[in-house]
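Visitor: after the sequence you'll find the predicted model.
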Amino acid sequence: MPPVERKNASAPPAPELSPERLGFVIGEGYDPPPACVLAEDGNSVNLYAMASLCWRGLQELLVRVDALERR
């Protein structure tokens, strides 16, 4: 799983004026995000695909939590 880091949204010369955001680190030395969520350029994440994958993961976890609560 790729690391998530905080960074300023804009490049210099005024990063102190841009909001701080969370995002995946994509580059050498890091595990890449799953290919199914990478944008076509390979340097960013397709947010629609990422949200869909997260939604499906939540659905699967809810099924497991419900089963554990019934025990």
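Guide: Nice, thanks for sending it over.

Visitor: next, the contact list for Ser44, please.
Guide: Listed by C-beta atoms under 8 Å, 6 or more residues apart in numbering, the contact set of Ser44 reads 26, 38. From N, CA and C alone the C-beta is placed, and that goes for glycine too.

Visitor: backbone phi and psi for it, please?
Guide: The phi/psi pair for Ser44 (degrees, to the nearest 10) reads phi -150, psi 170.

Visitor: give me the low-pLDDT residue ranges for this protein?
Guide: Along the chain, the parts satisfying pLDDT under 70 run over 1-19.

Visitor: could you pull out the helices for it?
Guide: Under the criterion DSSP state H, the chain contains helices at 47-70.

Visitor: measure the spatially most central residue of it to Val37 for me?
Guide: Nearest to the mean C-alpha position of the chain, counting by C-alpha atoms, centre = their mean, stands Phe24 at 5.6 Å. Relative to Val37, Phe24 is positioned 9 Å away (C-beta to C-beta, to the nearest Å).

Visitor: so what sits against both of these two?
Guide: In contact with both Phe24 and Val37: Val45, using C-beta under 8 Å, 6+ apart.

Visitor: check contacts around Cys36.
Guide: 49, 53.

Visitor: relative to Leu62, how far out is it?
Guide: Taking C-beta to C-beta, one finds Cys36 at 21 Å from Leu62.

Visitor: and if you look at Leu68?
Guide: From Leu68 to Leu62 the distance is 11 Å (C-beta to C-beta).

Visitor: can you give me the neighbour number for Ala49?
Guide: By the criterion of other C-beta atoms under 10 Å, Ala49 has 16 neighbours.

Visitor: could you do Asp31 as well?
Guide: For Asp31, the count of nearby residues is 11 (other C-beta under 10 Å).

Visitor: what's the answer for Gly57, then?
Guide: Gly57: 10 neighbours (other C-beta under 10 Å).

Visitor: for Met50, see how far away it is.
Guide: 11 Å.

Visitor: cool, and Val63?
Guide: For Val63 relative to Met50 (C-beta to C-beta), the value is 21 Å.

Visitor: the more surrounded of the two?
Guide: Met50 (17 against 10).

Visitor: before I go, just wanted to say thanks for your time.
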